[in-house]
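K.L.:
Can you look at this prediction? I've put the sequence above it.
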Amino acid sequence: MVYILLPFMVLPLYSAMQKIPANLSQAGASLGGSPVHVFLRVFLPLSMSCVLAGVTLVFILCLGFYITPELMGGGKSMMVSRNVEIYNSWGAASAVSVALLICVFAIFYAVSRVIPLEKTLGAK
């Protein structure tokens, strides 16, 4: 899972780091800032929107890695598909699916309130 999802975090970070001018870090260092202080006060705030976008993207994809086996009914744990198979409870299975969908939309809404969609997509 790490190998598959790593590019979804690295690519937004790379695009954010590439757009930050190098002379900002040099200016912070010339004003007496230590490398850690320059990173925390200059570099990190400028790249925070892409960090949040990457974390959200990876989290939503991780839900898919968890839910797919859960819905397919593998293993010995009580899963959504087992509710349908054993108890013939389509209502319980659909309620769990709708609850997950609402959680995903809530996460996307919360992130869109912090980072505007235009900034995420790179529009000017």
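P.N.:
Nice, thanks for sending it over.

K.L.:
got a pLDDT number for Phe39?
P.N.:
Each residue has a pLDDT score; the one for Phe39 is 90.

K.L.:
Spell out the secondary structure type for it.
P.N.:
Assigned by DSSP: H, G, I helix; E, B strand; the rest coil, the conformation of Phe39 is helix.

K.L.:
those helices in this structure, which residues are they?
P.N.:
In the chain, the helices defined using DSSP state H lie at 2-19, 22-30, 35-38, 44-72, 80-87, 90-114, 117-121.

K.L.:
Report the buried residues of the third one.
P.N.:
In this case it means helix 35-38. Val38 (16 or more other C-beta atoms under 10 Å). In this view, the C-beta of every residue, glycine as well, is placed from N, C-alpha and C.

K.L.:
The helices of the chain: lowest mean pLDDT?
P.N.:
Going by mean pLDDT, the lowest-scoring of the helices of the chain is helix 80-87, which has a mean of 58.

K.L.:
can you give me the end-to-end distance of stretch 11-28?
P.N.:
Stretch 11-28 has an end-to-end distance of 26 Å (C-alpha to C-alpha, to the nearest Å).

K.L.:
Just the buried residues of that stretch, please?
P.N.:
Pro12, Ala16, Ser25, Gly28.

K.L.:
closest to Ile102 among these?
P.N.:
Pro12 (25.3 Å; C-beta to C-beta).

K.L.:
and that closest one, what does it touch?
P.N.:
Pro12 makes contact with Cys50, Val51, Ala53, Gly54, Leu57, according to C-beta atoms under 8 Å, 6 or more residues apart in numbering.

K.L.:
For the closest residue in space to Leu11 that isn't next to it in sequence, grab the count of nearby residues.
P.N.:
Sequence neighbours aside, Gly54 is the residue nearest to Leu11 in space, at 7.9 Å (criterion: C-beta to C-beta, 6 or more residues apart in numbering). Under the neighbour criterion other C-beta atoms under 10 Å, Gly54 is assigned a count of 21.

K.L.:
where's Gly54 relative to Arg41, distance?
P.N.:
In this view, Gly54 and Arg41 are 21 Å apart by C-beta to C-beta, to the nearest Å.

K.L.:
Right, I'll call it a day here.
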